[in-house]
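[1] just need the structure, nothing else, for what follows:
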Amino acid sequence: MLFGVVLSGILPTVSVVPALILAGLVVFVIRPAILGAVLARARMSWEAHAFVAWFGPRGLNSLLLALLVVQAGIPGGELLLATVGVVVLASVVIHGATASPAAAWYARRAAREVLVEEREGSALGLFAEEDEEEIPRITPEQLHQMMSELSPVVLDVRSRMSYDSEQAHIPGDIRVLPDEVIEWAENQDRNRPIVAYCS
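    Predicted structure coming up:
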């Protein structure tokens, strides 16, 4: 509300057409391109890349930074704040109008198949370079023997889509969502063997 009050008094000082052209470039070209470059090495589906590049990060940060220029008394500061205000307002309108349709589209994609990012347990995992061959694996027969001798904790860490579509599970297992494994493990006995399965 405070920013609205401030902007309402200085927006008339901005040339509307150039400011809207700048807003279009920022919203449709510059920010998606920068975020695309930042996320280039992330292990994410193209759907997630598109979703993140379109929506975020956004908000009042730009206005706060422009306000620092005004408070410092730098010439042209108010014009800069007003221009940034036009860009932010355009972003609010455009992204606000596309939020529900885009979220529904991504949800449909995630419901149809297991996307790459759903297999990761943390944001760091999206960027980490791990060799799947280094992950120790056991056969069903070995698990059966372990269950009779060592009483391991068996974790069902299937993705939401796999869990909902498959009815079978290992008796006595514990259901933990892939993105909640780290939090679950914090209070567990480190000496007890843990076996996780995802399919």
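[2] could I get the full set of helices for the chain?
    For the chain, the helices defined by DSSP state H cover 2-10, 16-25, 31-38, 46-55, 61-71, 77-112, 123-127, 140-149, 160-165, 181-185.
[3] deepest in the core, which of these is it.
    With neighbours taken as mean count of other CB atoms under 10 Å, the helices of the chain reach their highest mean count in helix 46-55, at a mean of 17. C-beta coordinates here come from the backbone N, C-alpha and C atoms, glycine included.
[4] how about that one as CSV, C-alpha atoms only?
    What follows is the C-alpha trace of helix 46-55 in CSV, where atoms were taken according to Å, rounded to 0.1, in the frame of the first residue of the first chain:
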residue,chain,number,x,y,z
TRP,A,46,12.1,-28.2,-19.6
GLU,A,47,8.6,-27.6,-18.0
ALA,A,48,10.2,-26.6,-14.7
HIS,A,49,12.8,-24.5,-16.5
ALA,A,50,10.0,-22.7,-18.3
PHE,A,51,7.9,-22.3,-15.2
VAL,A,52,10.7,-20.8,-13.0
ALA,A,53,12.1,-18.6,-15.8
TRP,A,54,8.6,-17.1,-16.3
PHE,A,55,7.6,-16.6,-12.7
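[5] and that helix, what does it pack onto?
    Judged by 3 or more CB pairs under 8 Å, 6 or more residues apart in numbering; DSSP states H and E, helix 46-55 is in contact with helix 31-38, helix 77-112.
[6] what mean pLDDT does that helix have?
    Averaged over helix 46-55, pLDDT sits at 89.
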